[in-house]
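Next one to model:
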Amino acid sequence: MKIPARIILIVLAMISLQSVSPAQVPSLSITPEQLQELEKKGFQADPKILQDIATAGRPLGRWKEGLMFDGIAPMPWLKSAANWTPGTEEVQPEEIRVTFMGSSPLPRPGQMGTSIYVELGNGDRFIFDFGPGSIANYLASRVPLNQINDIFITHLHWDHFASVPYAFVFGAWGGRWHETFRINGPSGRTPKHGINHMVYHMKEMLFWHMENFSAGSPIGKGYDIEVNEFDYTNDGGVAYEKNGVRITHWQQSHGSDGASAYRLDWNGMCVAFTGDGRPNSLTITYAKGCDLLITEIQPETVAISSSVSGTMPLTSRTTIDGWHNPAYAAGYLYNEVKPRLAMATHVSYDEYVIPELVAEVRHHWKGPFQFGAPDMVVVNMTKDQIWVRDGVVPKYPNMAPPQFDVSTSGGLIMPLPPTTRRDVQSQFIRDAEIPPQKYYPEGYHPQLMPWWPSDKPIFLPEALVPEQMKKKSK
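Sure thing, here's the model as predicted:
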């Protein structure tokens with residue numbers, strides 16, 4: 001039997017629920033005439049039955065649905081409530097998006113070193129920790145290299161900042177020509193224990209690389225670093241305040257002095273990240289009232305986990321008990337802070353241990369809980385809703401083009417490279433290069449450019465700058 005189109009439209013209009021939240025009652029917007037037409041065609045026309053169909057399975061205040069989903073619901077602007085894919089969604093003006101670009105102390109396929117990317121609706125972006133390999137997920141997520149900036153390091157363990165050197169030098173080459181590289185972190189018991197010391201010696205370590213790339217690449221301000229080393233003992237102190245964003249810090253107990261936690265406040269919302277450390281009363285004090293609380297987590301399965309990895313339980317036991325946050329303690333912290341959503345990261349996401357972690361967290365915390373692991377877990381948050389999805393990125397992505405604000409200057413300024421190959425390379429090794437005509441096919445000879453083509457800075461008018469390289473204004 002062919003169903004008239006208007007009948008289909010009537011039914012769809014009546015029970016369409018895509019944009020209705022679980023708490024809202026769908027209205028039965030149908031006229032008596034439309035009901036008569038349904039009945040004439042042999043369709044169900046009882047308003048009560050149709051209303052029941054429209055509301056079936058919805059709590060509507062009659063019962064509490066789910067132990068981990070109180071206040072958790074997708075936003076209507078999400079392209080997919082199941083998955084986030086790069087380049088498909090803009091962060092909304094009143095929204096915060098948090099992406100776990102790295103989630104493990106042990107880099108492995110699917111889990112890079114800990115790194116949390118926070119994007120705000122005002123266009124600001126922040127990185128909290130930048131562990132080994134996590135840079136790959138930023139690039140796969142189409143974050144331009146020259147836009148990777150404003151990094152906040154919780155402490156100077158290698159698994160929390162190993163991607164910093166890559167972002168620093170390749171960001172300079174990749175278009176960070178007109179702004180400094182900004183990095184924030186705690187001081188320490190002595191000057192050698194602070195982030196200033198680390199950054200200074202990082203630049204020393206990268207000297208050959210920096211000199212090499214300077215000989216023929218625009219760099220501009222790319223190798224300038226602005227280091228904000230705050231006093232780690234100033235609990236509740238302000239590490240950053242600009243454009244309506246306030247980031248505060250407090251101490252963490254993580255084996256030695258100088259480890260810190262962070263809280264970001266913007267637009268009446270808050271994200272707190274404890275970094276690594278033992279359960280800490282300061283977190284209860286300074287993360288209180290936060291919408292999203294992210295902690296590390298470790299399972300109380302030392303003997304089992306050690307037998308799986310083939311290590312001595314002694315090593316795991318002392319490492320957790322002097323440096324880390326067991327799952328029972330994570331649940332305790334969540335219950336004291338009472339965030340809208342609690343999340344756990346910096347954990348090996350192994351199937352045999354996940355149910356145990358949930359059970360241990362649930363000993364104290366009965367509210368919404370999710371893992372910030374494995375990599376590419378994405379959180380969208382507004383004042384009314386929070387939603388957690390898996391991010392899906394290509395296995396072999398291309399880099400996103402650099403982004404430039406060409407509207408203010410009317411174009412793009414390309415700085416003159418600081419040096420040339422002649423300054424840093426002997427003529428002997430250049431003379432040893434095989435002549436191109438020996439390896440290019442006959443009749444094929446591209447116009448080679450072994451030297452930068454200008455002895456002055458270059459200005460490209462806005463019309464000549466590719467559209468993909470023009471930064472969108474918020």
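
Show me where the stretch 101-250 of the chain dips below the pLDDT cut-off.
Within the stretch 101-250 of the chain, no stretch has pLDDT under 70.

Could I get the full set of helices for it?
Secondary structure of the stretch 101-250 of the chain (DSSP state H, counting those that start in this stretch): helices located at 134-140, 164-173, 195-205, 207-214.

Quick one: closest of those helices to residue 275.
helix 195-205 (13.2 Å; Cβ to Cβ). For the C-beta atoms, the positions are set from N, CA and C on the backbone; glycine is no exception.

Can you list the neighbours in contact with that closest one?
Under the contact criterion Cβ atoms under 8 Å, 6 or more residues apart in numbering, helix 195-205 has outside partners 153, 156, 161, 164-165, 168, 183-188, 191, 210, 223, 225, 227, 229.

Break the chain into its domains for me.
The chain breaks down into these domains under automatic domain parsing: 5-55, 83-391, 411-469.

Pick the most buried one from those.
Per residue and on average, the most neighbours among the domains of the chain fall to domain 83-391, with a mean of 20 (mean count of other Cβ atoms under 10 Å).

Show the contacting residues for the most centrally placed residue in the chain.
Central residue of the chain (Cα atoms, centre = their mean): residue 117, 2.4 Å from the mean position. In this structure, residue 117 makes contact with 98-101, 125-128, 138, 141, 143, judged by Cβ under 8 Å, 6+ apart.

Can you redo these as a markdown table, where the extra columns are distance to residue 410?
Formatted as a markdown table, those follow (distance: Cβ to Cβ, whole Å):
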| residue | distance to residue 410 |
| --- | --- |
| 98 | 36 |
| 99 | 34 |
| 100 | 39 |
| 101 | 35 |
| 125 | 25 |
| 126 | 30 |
| 127 | 31 |
| 128 | 36 |
| 138 | 30 |
| 141 | 30 |
| 143 | 26 |
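
Chain neighbours aside, what residue packs nearest to the residue nearest to the centre of the chain?
Closest residue to residue 117 apart from its sequence neighbours, by Cβ to Cβ, 6 or more residues apart in numbering: residue 99 at 4.4 Å.

coming back round to it: inside strands: which ones of the contacts of residue 117?
The strands, defined by DSSP state E, take in 98-101, 125-128 from those.

Strands along the stretch 301-450 of the chain, start to end?
Secondary structure of the stretch 301-450 of the chain (DSSP state E, counting those that start in this stretch): strands at 341-345, 369-371, 377-381, 386-391, 411-414.

These: which one's closest to residue 459?
Of the strands of the stretch 301-450 of the chain, nearest to residue 459 by Cβ to Cβ is strand 411-414, at 5.5 Å.

quick one: that closest one to chain centroid distance?
From the chain centre to the centre of strand 411-414 is a distance of 29 Å (Cα atoms, centre = their mean, to the nearest Å).

Strand partners (parallel or antiparallel) of it?
Each strand that pairs with strand 411-414, with its direction, by DSSP bridges: strand 458-461 (antiparallel).

which residues touch the partner strand?
So strand 458-461 is contacted by 410-414 (Cβ under 8 Å, 6+ apart).

want to try CSV for those residues, with distance to residue 449 and pLDDT as columns?
Listed next are the contacts of strand 458-461 as CSV, based on distance: Cβ to Cβ, whole Å; pLDDT from 0 to 100:
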residue, distance to residue 449, pLDDT
410, 26, 93
411, 22, 95
412, 19, 96
413, 20, 96
414, 14, 96
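
give the contact list for residue 332.
Taking Cβ under 8 Å, 6+ apart, we find residue 332 in contact with 279, 364-365.

quick one, what contacts the residue nearest to residue 221 when sequence neighbours are not counted?
Once flanking residues are discounted, residue 221 sits nearest to residue 180: 5.5 Å by Cβ to Cβ, 6+ apart. Shown in contact with residue 180 (Cβ under 8 Å, 6+ apart): 221, 224-226.

quick one: residue 180 and residue 165, what's the gap?
16 Å (Cβ to Cβ, to the nearest Å).

Residue 403 is nearest to which of the domains of the chain?
Among these, domain 83-391 comes nearest to residue 403, with 4.8 Å by Cβ to Cβ.

Roughly how far does the residue nearest to residue 221 sit from residue 127?
Applying Cβ to Cβ to residue 180 and residue 127 gives a distance of 15 Å.

One more: residue 429?
Distance, residue 429 to residue 127, using Cβ to Cβ: 38 Å.

Enumerate every residue touching the closest residue to residue 361 other than its chain neighbours.
Of all residues not flanking residue 361 in the chain, residue 331 sits nearest, at 4.0 Å (Cβ to Cβ, 6+ apart). By Cβ under 8 Å, 6+ apart, the contact set of residue 331 is 360-365.

Which ones among those residues lie within helices?
Using DSSP state H, the subset of the contacts of residue 331 located in helices is 360-362.
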